[in-house]
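> Sharing a model that was predicted from the sequence below.
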Amino acid sequence: MNKNFSEIQMVDLVNDYLLNKKEFDKSLNEVLLKGDYINGSQVTKFSENFSNLLDIKYVVPCANGTDALQIALMSLDLKQGDEVIVPAFTYAATAEVIGLLKLKPILVDVCPKTFNISYDEVLKALSTKTKVIIPVHLFGQCADMEPIVKLAKKKRHIYYRGCCTINRSQIYF
Ligand SMILES: Cc1ncc(COP(=O)(O)O)c(C=O)c1O
């Protein structure tokens, strides 16, 4: 590769770190020196800040986005083979946790314009075993939630929003 160009990373964690290195190092050292991890003071502080930021009452801090998806599904009374509709284009974890809980991921295509789940494809994928729909918001763009929320409410399906790459999004409808 030409020395004047650097490779563009899909997820550039190193540069993310370097951009805020001082702050990261300071916080990391505080945690390491205190040794309080699960439910530690930094976690509590994060929960409070995050619930204020999103203006929501409850936050369940977890180790990562995969755990968050798994915990959300585990909180429901789902049985083996129940179907969960997810976009075919998403991070692997969305479907991975469904399989892990012995549920059935039903992959549906995305809109070519937004790369987010297509409502029309969700409609085609519905079955008597559908229990949950998980639209994922990718690349800072919200999925077309209005028809999906209406559908889920009408059919009494649960819907979750995969927000790993888009926090603080607001959808008005
Ligand atoms: C849409 C989406 N869902 C889930 C995950 C999983 O998050 P984590 O890697 O923190 O487990 C990611 C991670 O990038 C993601 O982009």
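Now that the structure is in, tell me what you want to look at.

> Can you get me a residue count around the closest residue to the ligand within the chain?
Nearest to the ligand in the chain, going by C-beta to the nearest ligand atom, is Gly65, at a distance of 2.5 Å. From N, CA and C alone the C-beta is placed, and that goes for glycine too. Counted with other C-beta atoms under 10 Å, the neighbours of Gly65 add up to 16.

> and the protein, which residues reach the ligand?
Applying C-beta under 6 Å from any ligand atom, one finds that the chain approaches the ligand through Asn64, Gly65, Thr66, Thr90, Tyr91, Ala93, Thr94, Val136, Gly162, Cys164, Thr165.

> I figured the third one was touching Ala95, is that so?
No. Here Thr66 lies out of contact with Ala95, judged by C-beta atoms under 8 Å, at a distance of 11.0 Å.

> Looking at those two, which one has more neighbours?
Set Thr66 next to Ala95 and count neighbours by other C-beta under 10 Å: Ala95 wins out with 21 against 17.

> Within the helices and strands, which one has that one?
helix 92-100 (DSSP states H and E).

> got the domain boundaries for this protein?
Taking automatic domain parsing as the reference, the chain has its domains at 13-54, 65-159.

> end to end, how far does the longest one reach?
Across domain 65-159, the straight-line distance between its terminal residues is 17 Å, by C-alpha to C-alpha, to the nearest Å.

> and the helix holding Ala95, C-alpha only, in PDB?
Provided in PDB are the C-alpha atoms of helix 92-100 (Å, rounded to 0.1, in the frame of the first residue of the first chain):
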ATOM      1  CA  ALA A  92     -23.300 -11.000  14.000                       C
ATOM      2  CA  ALA A  93     -24.300 -10.700  17.600                       C
ATOM      3  CA  THR A  94     -27.900  -9.800  16.800                       C
ATOM      4  CA  ALA A  95     -28.500 -13.300  15.400                       C
ATOM      5  CA  GLU A  96     -25.900 -15.000  17.600                       C
ATOM      6  CA  VAL A  97     -27.700 -14.500  20.900                       C
ATOM      7  CA  ILE A  98     -30.900 -15.700  19.300                       C
ATOM      8  CA  GLY A  99     -29.300 -19.000  18.400                       C
ATOM      9  CA  LEU A 100     -27.600 -19.200  21.800                       C
END
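
> Any buried residues in that helix, and which?
Residues Ala93, Thr94, Ala95, Val97, Ile98 are the ones in helix 92-100 that count as buried (16 or more other C-beta atoms under 10 Å).

> ok, now stretch 97-110?
For stretch 97-110, by 16+ other C-beta under 10 Å, it's Val97, Ile98, Leu101, Leu103, Lys104, Pro105, Ile106, Leu107, Val108, Val110.
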